[in-house]
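Student: Got a sequence here, can you build the structure:
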Amino acid sequence: MRPYSPEWLAKRLATLLPGFPDVPLLVAFSGGVDSTALLAALAAARSPKDLRVRAVHINHGLHPNAPKWSAHCRALARRLEVPLRVVAVATEISRSGGVSLEAAAREARYSVLARELKAGECLLTAHHEDDQLETVLLQLFRGAGIAGLAAMPEIAPFASGWHARPLLSCSRDELTAWVRNAGLSWIEDDTNSDESLDRNYLRRRVLPLIGARWRGAGSAVARSARHAAEAQRLLEMVGGRDAERAANGPDLFVPTLRALPPDRRRNALRFWIAQAGVRVPDTSRLEELAGPVIDARPDANPRVAWGDIEVQRHADLLSIHTVRPRSDACAVNWAWHTEPILQLPGDGGSLELRPDPHGPIDLDALPESLSVRYREGGERLRPRRGGPRRALKSLLQESRLSIAQRERLPLVFSGATLLAVGALWVDESVQTTAGTARRGRLAHRVAGKRQLW
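Tutor: Next up, the predicted model:
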C-alpha cells in the first residue's frame, strides 16, 4: 500500500464513491489527529474545479476544554480554507435506559450528522485500521454474530446520502506521522486515557501486546471483517427471500416460518426485525421467537419483548410493534392560533408553533384546527416539493434516531393527513413558497430542553 497522502486519499475516494470528485463531501471533524489527517489531506487534494469539502465539529460539552477544542477546529478550518459548522449538543444527550454516556454522545453525534448531511452529500469519518481492530475485538468479547464481526463498512447509506470511511486501511501511526510532517497540531483528549472505558483499556493495555507479537494483526483482522461483511450480505439475501415468502403485509405467516430449518428461521426473523427499523434482540429472545413462539398453539397469543419493542403472535401471524403507555397513543386537539404552545401527554414535553421569517411552514396554509399524536404505523407524507410520498418508517430509519426518540416524535395531523413530524419534516401541502407571507417553525421540548430533531 502506498503511504498516506492527499493523492492516495483522492484515489481511495474515487474507488469508494461513484462520480467522485463530483460528490460534495461533509467531514466529521473532531480535531483529533485522525480527522485532522482526513480534512487536511482533502484540503491539499482539492482544487476549485473538482472537490467540494465542508466540515462539521460537534461540541458535546462534556469536557471543560470543549470550548477550546471548538476554537482549535475553527482556526484550523480557516487555515485550510474549509467551511466549518460547529454544533453544540450538550443538552441533547440523553442517558435514558441505562445507556452509557459514551453511547449517548455517539447517538447524539450521529443524529446531528444525519441532520447536517444534505441530499447527495457523502459523510466522511476518519475511522482507521486500529479502530476497526478494536471494534472487532470488542464485538467478539460481547458474543456478536456475523453482523457485529463485520464491524464498520467502508461505505453505507446514511440519512439523505452516504457514509464513507476511506481510512480503514490506514494505521493510527501512519496518520499521526503524516499530520506531524505536515506541521499541523491536533487535539489530545485526556479522556482517552481513562482505562475504565473498554475501548481505552483495549487500546492502551491489550493492543500493544498484540501488536508486538503479531505486527500485521490490524490488517489481518480488517480482512476478516471484510469476509464477515460479505457473509453477512449473503445471510441478508437469504433472510430477505425467506421473509418475503412468509410476508403477510408487514406481518409474517407462522406456518411458512415453521417450515424453515431453525437456523434459516432465526435468520429470517433477524432480517424482518432489522427491516422494521428496530434493534434486533439478544440471542435468548431470538431463540424464544424462533422456537416456543412459532411452535405455540394458534390461540396462545405468545409475545416476546425487549426494551420498548414487542413481537406478538395472533393466530398464524407474527407482528412487531413498539410499546408505549396508553395515554401516549391518544390524539390531542390543537387550536394553534390561540394556543401556540401545546403540552403533550405523559412525558412528551411540549410542541410550539412560532413565527419565524426563515421557517419552513406556511402559516396561512395551515388549518386552524390540528391534532397531535404519536406513531401508530403506516404514516406517510411528501417531505420534498414535487417528490414522492415517503413512508415515515423509512424516513426514520434513514435518520438514525433511536427507537425512544422516534416514539417521542409528535405527529401533527389535519384530519387523516400528516402535516409535520416534530421539527424534522413538513408535508408539501403546508411548505412555504416564494409567495408565502407568514412563515413558522415547530419546536419540540422535553423536560425544558429543545430536542435535537
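Student: which stretches of the stretch 51-200 of the chain aren't confidently modelled?
Tutor: Applying pLDDT under 70 to the predicted model, the residue ranges of the stretch 51-200 of the chain that meet it are 90-101.
Student: could you redo the last one with a cut-off of 80?
Tutor: Low-confidence segments of the stretch 51-200 of the chain, defined by pLDDT under 80, are located at 61-62, 90-105, 160.
Student: Going along the chain, name the strands of the stretch 51-200 of the chain.
Tutor: With DSSP state E, counting those that start in this stretch, the ranges of strands along the stretch 51-200 of the chain come out as 53-59, 84-88, 122-124, 155-158, 161-164.
Student: which one of the ones you listed has the most crowded surroundings?
Tutor: Per residue and on average, the most neighbours among those fall to strand 122-124, with a mean of 24 (mean count of other Cβ atoms under 10 Å). Just so you know, the C-beta spots here come from the backbone N, C-alpha and C atoms, and that holds for glycine as well.
Student: From the contact counts, what lies against that one?
Tutor: When contacts are defined as 3 or more Cβ pairs under 8 Å, 6 or more residues apart in numbering; DSSP states H and E, strand 122-124 sits against strand 25-28, strand 161-164.
Student: following the first one, which helix or strand comes up?
Tutor: Per DSSP states H and E, the first helix or strand lying C-terminal to strand 25-28 is helix 33-45.
Student: related to what we said a few turns ago, and of the helices and strands packed on strand 122-124, who's closest to T36?
Tutor: Put simply, out of the helices and strands packed on strand 122-124 the one that sits nearest T36 is strand 25-28, at 10.2 Å, with distance taken as Cβ to Cβ.
Student: List the pairing partners of that closest one within its sheet, with orientation.
Tutor: Paired strands of strand 25-28, with direction, are strand 53-59 (parallel), strand 122-124 (parallel) (DSSP bridges).
Student: Using CSV, please lay out those strands together with distance to V304.
Tutor: As requested, those are exported to CSV (distance: least, Cβ to Cβ, whole Å):
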stretch, distance to V304
strand 53-59, 36
strand 122-124, 35
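Student: out of those, nearest to G359?
Tutor: If you check each of the strands paired with strand 25-28 against G359 by Cβ to Cβ, strand 53-59 wins as the nearest, at 22.5 Å.
Student: okay, now the domains of the chain?
Tutor: Domain ranges of the chain: 6-220, 249-322, 326-450, per automatic domain parsing.
Student: could I get those domains as CSV with distance to R241?
Tutor: Converted to CSV, the domains of the chain look like this (distance: least, Cβ to Cβ, whole Å):
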stretch, distance to R241
domain 6-220, 17
domain 249-322, 9
domain 326-450, 21
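Student: who does T417 bridge with?
Tutor: Beta bridges link T417 to S414, judged by DSSP bridges.
Student: Relative to A434, how far out is it?
Tutor: Look at T417 and A434: by Cβ to Cβ, to the nearest Å, they are 24 Å apart.
Student: next one: E407
Tutor: In this view, E407 and A434 are 36 Å apart by Cβ to Cβ.
Student: Which one's more surrounded, the two?
Tutor: Per other Cβ atoms under 10 Å, whichever of E407 and A434 has more neighbours is E407, with 17 against 4.
Student: The more buried one falls within a helix, correct?
Tutor: Yes: applying DSSP: H, G, I helix; E, B strand; the rest coil, one finds E407 inside a helix.
Student: Would you confirm that it contacts D308?
Tutor: Yes: with contacts defined as Cβ atoms under 8 Å, E407 counts as touching D308 at a distance of 6.5 Å.
Student: coming back round to it: among the strands of the stretch 51-200 of the chain, which is nearest G377?
Tutor: Sorting the strands of the stretch 51-200 of the chain by Cβ to Cβ, the top spot, which is the nearest, belongs to strand 155-158 at 22.5 Å.
Student: what distance separates that closest one from the centre of its chain?
Tutor: On the basis of Cα atoms, centre = their mean, to the nearest Å, the separation between the geometric centre of strand 155-158 and that of its chain is 10 Å.
Student: Now for D251: which residues touch it?
Tutor: D251 makes contact with L317, L318, S319 under the criterion Cβ atoms under 8 Å, 6 or more residues apart in numbering.
Student: quick one: the first one from V293, how far?
Tutor: When Cβ to Cβ is the yardstick, L317 and V293 sit 12 Å from each other.
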